[in-house]
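K.L.:
Please find the sequence and the predicted model below.
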Amino acid sequence: EAQVTQNPRYLITVTGKKLTVTCSQNMNHEYMSWYRQDPGLGLRQIYYSMNVEVTDKGDVPEGYKVSRKEKRNFPLILESPSPNQTSLYFCASSSRPTGNTIYFGEGSWLTVV
Amino acid sequence: QQQVKQSPQSLIVQKGGISIINCAYENTAFDYFPWYQQFPGKGPALLIAIRPDVSEKKEGRFTISFNKSAKQFSLHIMDSQPGDSATYFCAASVGGTYKYIFGTGTRLKVLA
């Protein structure tokens, strides 16, 4: 079954405590991306990756890091989380850059207190 | 110019009615316009998509109408059902860029 799996699904953390949200896809997709979803703002792209070791900033990259050491994995790193990073995060993958289906994970609820 | 403006923010429709969600864009370089459906607790999933070379695309009860000159596109859900209750996002992208711009979402509730 085609899947994008992200963990953890729910996390409450404290300001400044580094955390990583993992993402893995089993579709051999080259393109992966992270989005955050906030009420009234829709989905906003944080970072994306076109292939292993190739990443680029999306619309809201501040405060986030990513890495793509393997094709299937694309972790999102919050080095020093702040309350304004409290959000619902989605990892996504696609076989082509655009014009094709984006497969989303089920989301990770992150609360920073 | 990179925005996609979506309306309404929320919509309540009676079962069997027509749900209509609208989106407008400015960037004429956009060449792919998908709609995503999101149920509570789930990630968005592709519902239907259109390219600007056609004015309408229909898949079952779901239809996208596209007006290139007005830079608008809309989702019509015919014979709306309670199972259609979800949040709907329009999006737009420019070919080859992996940049998707999503609308702010419409929360649809279909009353039984």
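P.N.:
Perfect, thanks for sending it. Keep in mind that what you see is a predicted model, and the values were worked out from it rather than measured. Residues are numbered from 1 along each chain as shown, chains lettered A, B, ... in the order given.
K.L.:
make it CA atoms for all contacts and neighbour counts henceforth
P.N.:
OK.
K.L.:
Quick one: check the longest strand anywhere in chain A for contact with chain B.
P.N.:
Scanning chain A for the longest strand, with DSSP state E as the assignment, gives strand A:42-51. Yes: contact of strand A:42-51 with chain B (Cα under 8 Å from any Cα of the partner chain) involves A:42, A:43, A:44, A:45, A:48.
K.L.:
how about stretch A:2-11: buried residues?
P.N.:
Across stretch A:2-11, burial judged by 16 or more other Cα atoms under 10 Å in any protein chain shown covers A:4, A:5, A:6, A:7, A:9.
K.L.:
how far away is the third one from residue A:15?
P.N.:
What that stands for is residue A:6. 22 Å (Cα to Cα, to the nearest Å).
K.L.:
tell me which parts of chain A are close to chain B?
P.N.:
Counting by Cα under 8 Å from any Cα, chain A sits next to chain B at A:39-45, A:48, A:58, A:90, A:96-99, A:101-107.
K.L.:
Kindly give a single PyMOL line that selects the buried subset of those residues.
P.N.:
To isolate the buried ones among these in PyMOL, judged by 16+ other Cα under 10 Å, type:
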select buried, chain A and resi 42+43+44+45+48+58+90+96+97+98+99+101+102+103+104+105+106+107
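K.L.:
So for residue 14, what's the nearest residue that isn't a sequence neighbour?
P.N.:
Using chain A. Of all residues not flanking residue A:14 in the chain, residue A:113 sits nearest, at 4.9 Å (Cα to Cα, 6 or more residues apart in numbering or on different chains).
K.L.:
Oops, wrong one, chain B.
P.N.:
Counting by Cα to Cα, 6+ apart, the residue nearest residue B:14 is residue B:111, at 4.8 Å.
K.L.:
now the strands for chain A?
P.N.:
Assigned by DSSP E, the strands in chain A fall at A:4-7, A:10-13, A:19-25, A:31-38, A:42-51, A:54-57, A:65-66, A:76-78, A:87-94, A:103-104, A:108-112.
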